[in-house]
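Asks: Provide a 3D model corresponding to the input given below.
(2 chains)
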Amino acid sequence: MSTSEDSLITTEVSSERTGRSDRPDETVLAARDLDVYYGDERALASVDVEIPEHKVTAIIGPSGCGKSTFLRCINRMNDQIAVCRVDGDLSFHGKNVYDDDVDPVALRRRVGMVFQKPNPFPKSIYDNVAYGLRIQGFDGDMDARVEEALRGAALWDEVKDQLDSSGLDLSGGQQQRLCIARAIAPDPEVILMDEPTSALDPVAASKIEDLIDELAEQYTVVIVTHNMQQAARISDKTAVFLTGGKLVEFNETAKVFENPDEPRVEEYITGKFG
Amino acid sequence: MSDDSDRKRRPDGGTATERNRGEELFADIDLRREHLKNRAFLGLIFAASMFGVVALALLLLDVVTDFYVGITEFEISLIQFFTVDGSRRPENAGFFGAIIASVMLMALTAVLSFFVGVGAAIYLEEYAPNNRITRLIKANLSNLAGVPSIVYGLLVLAALVNGIGVGPILLAGSVALALLVMPIIIVSAQEAIRAVPDGVRNGSYATGATKWQTIRQVVLPSAMPGILTGTILALARAIGETAPLLMVGALFVNRTPFGPFDRFSGMPTQIYAWAAEPSQHFIHLAAVGIVVLLTILLSMNAVAVYLRNKYETAV
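Replies: Alright, predicted model coming up:
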C-alpha cells in the first residue's frame, strides 16, 4: 500500500491552478501501445494517446468502439471484470498504473469517476459526498469539505437545506451532480466521465456541461460522450475511436471537427456512419 | 381489413351490420368446447390454490375451539398459564418456563446462525471465484436446506450431547436449530446482496474504497432489510421446530432454564408432551399453548413482511 502511494506521488505535479487556455500542455495520462482484451476479443488495439493536464479531453466514437473500455482502464475499473486483460503501458504522471506496485485503490483516490447512470448511494446527501473522505480516514472539517464539493458541483444552493435527506430523492440531474460532488470531494487530480449526460434531460445535461467547463480549471477531465455537439462544445482535445478499438484521430477539438486528417473521421462526424 | 376500417368511419348504423358480419365471418369456427375446457381448468387450479387456505382455516378453527373449551370448561387461567412453570398436575401447569426457554433458544440461534450465515453469503456473493469449489458449496446449500430437521437433532445429539458430553442443555438445542436455519439465512442473504445494484458498488470502488469498505458501507446497509427479513422468517421456522429439540433431549423438564447450560423444554416440546398425556385437561393446555405459539409465529412473519414492504422501494 505505502509503496504504491509513494510511487504515484514521486512525480512532482505543479499545484498552481491558473486558467486553462494559456498554459503549455503537461501530460497527465499517457497510453502507449495499449491493448485490451475481453477473453479472446480485442476491445482496444494499440492505443497511443497523451491527455493534457487541466483540460477537457473528449472521447467519441460509435457504440462498441472501446471508448468506455479505455476510460475504465485509466482507473483500473476493468480489474472488476475477470476476463479483461490489459497489455501495454498506461501511465499516470509517468508511472505505469498496471505495474505490480500500483494499488488500484490508491490510484482511484487520485482518479475519480462519474458514471453514465447516476449512482448515488442509498444514504443522505451529506454522507454521499463525505463518503470518499471518510473511507480515506479524513478527520478535518468535514462540513466545510462537503459544502465545498457541493458548491463545486453546482448543487449546494439546491440542497443546502436538505443535506440529511436521501440522495435518491433528488432528480436525475441533481443525482448526477451529487455523484460529481462525491467524485471531487476527496480532491482527485483527474475526473473520468462515462457519458455523464446521456441519461439526463437536455436542461439537466446543459447544467452538467457548464459544470464540466468549470471543473477543468481544477481538474483534468476525460469525458466519453455519444453526443458530438457536446464534445465540440466542451472539450479542448478530442480523441476519435472507430470500430475495432482503434484510436484513429487525436487532436485539438477544433481541428478534429473542422478539418480532420482521417477521411473516416470526417465521415463519422458528418453522420455518414455510426 | 381495410374494408372494416372504412365501415367504422361511416356515421350511421355501422355497429349493427358489423356484428352480423362478424357472425357470418367466423361461423365456421367453433370454440365452445375449447372455452369450456378453459373454464374447467381454471376451476381446477383455483380449487388447488384454495386447498392450503382452507386447510389452514380448518386447523385454526380446531385449535381455537379447543382453546375456547380449555378456557371455559377446564378453567385454564391465562394469567397462570403465562406466569407458572409446567407441572405434573394439570391444574397447576403453566407455559412460562417453555416460553422463556423458547425465547432463549431463539436469541442463541439468531446469534449463532446470523453471523455465520451472513458471512457465508458475503463470501459467496462478493468474493468467491466462479470455480468448482464455489459451485460445490452452492449446490450443497440447497441440499442442506432440504435435510429433515430431525437429522440436525441427531447430529447434535451425537456430536455435542453425547459426543462431548454436554448433556441435553439449551445451548445444544440452539446449535441444532442454528444448523437447521443457516441454509435459509444464507440463501436469503445472498438474494438480498445480489439485489444491490452494481452501480453503487462501482461508485464506491471508483471513489477509492477497498472491497471491504464497499461491502461494509454500501452493500450491507442496502441489503440489511432483506437479510433481516430472511432471518426473521428463518427464526419463525425454528421456533416451531419440535423434532431436533426432542432429539437433543428437551423433554420431561417443567421449569424455567437458568441459562444456556441448563436443561430445558421449549414451547413446541412442551405442547408435544402435553398432547401425549391421556388427561383431557392436558390436551386443552396443549391447545392454549398452540395458540400462543402460533400468535408469536404469525407476529414474526408479520414483522418480516412489514420490513420487506417498508424497504423494498428504498433502493
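Asks: please count neighbours and contacts with C-alpha atoms only from this point.
Replies: Fine.
Asks: need the strands for chain A, in chain order.
Replies: Listed in chain order, the strands found in chain A under DSSP state E are A:27-38, A:41-52, A:56-60, A:84-92, A:95-96, A:111-114, A:190-194, A:220-224, A:237-242, A:246-252.
Asks: show me what the second one is packed against.
Replies: Think strand A:41-52. Helices and strands touching strand A:41-52, by 3 or more CA pairs under 8 Å, 6 or more residues apart in numbering or on different chains; DSSP states H and E, are strand A:27-38, helix A:67-74, strand A:246-252.
Asks: partner strands of the last one, parallel or antiparallel?
Replies: The reference is to strand A:246-252. strand A:237-242 (antiparallel) (DSSP bridges).
Asks: which non-adjacent residue is nearest A:Arg109?
Replies: The shortest distance from A:Arg109 to any non-neighbouring residue, by CA to CA, 6 or more residues apart in numbering or on different chains, is to B:Gly208 (4.7 Å).
Asks: same question, A:Phe241
Replies: A:Leu247 (4.4 Å).
Asks: relative to A:Ser63, how far out is that neighbour?
Replies: In this structure, A:Leu247 and A:Ser63 are 14 Å apart, going by CA to CA, to the nearest Å.
Asks: tell me which of those two has more neighbours.
Replies: Shown here are A:Leu247 and A:Ser63; by other CA atoms under 10 Å in any protein chain shown, A:Leu247 has more neighbours (23 against 13).
Asks: I'd say that one and A:Arg264 touch.
Replies: No. Taking contacts as CA atoms under 8 Å, A:Leu247 lies outside contact range of A:Arg264: 11.7 Å.
Asks: sorry, back to before: now render the strands of chain A as CSV, adding mean pLDDT.
Replies: Shown next, in CSV, are the strands of chain A (pLDDT from 0 to 100):
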stretch, mean pLDDT
strand A:27-38, 91
strand A:41-52, 90
strand A:56-60, 94
strand A:84-92, 91
strand A:95-96, 91
strand A:111-114, 94
strand A:190-194, 95
strand A:220-224, 95
strand A:237-242, 92
strand A:246-252, 91
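Asks: give me the residue at the spatial middle of chain A.
Replies: With distances taken as CA atoms, centre = their mean, A:Leu192 lies nearest the centre of chain A, 0.9 Å away.
Asks: over to chain B?
Replies: Nearest to the geometric centre of chain B sits B:Leu233, at 4.1 Å (CA atoms, centre = their mean).
Asks: what is the neighbour count of A:Thr27?
Replies: 16.
Asks: list the contacts of it.
Replies: A:Glu50, A:Ile51, A:Pro52, A:Glu53, A:His93 (CA atoms under 8 Å, 6 or more residues apart in numbering or on different chains).
Asks: tell me which of the strands of chain A sits most buried.
Replies: Highest mean neighbour count among those (mean count of other CA atoms under 10 Å in any protein chain shown): strand A:111-114, with a mean of 29.
Asks: how many neighbours does residue 186 have?
Replies: The chain I'm using is chain A. By the measure other CA under 10 Å, the count of residues near A:Pro186 is 26.
Asks: wait, I meant chain B there
Replies: Residues within reach of B:Ile186, counting by other CA under 10 Å, total 28.
Asks: what do you get for the one 10 residues further on?
Replies: Other residues lying near B:Val196 total 17 when counted by other CA under 10 Å.
Asks: in terms of helices and strands, where is it?
Replies: Under the criterion DSSP states H and E, no helix or strand holds B:Val196.
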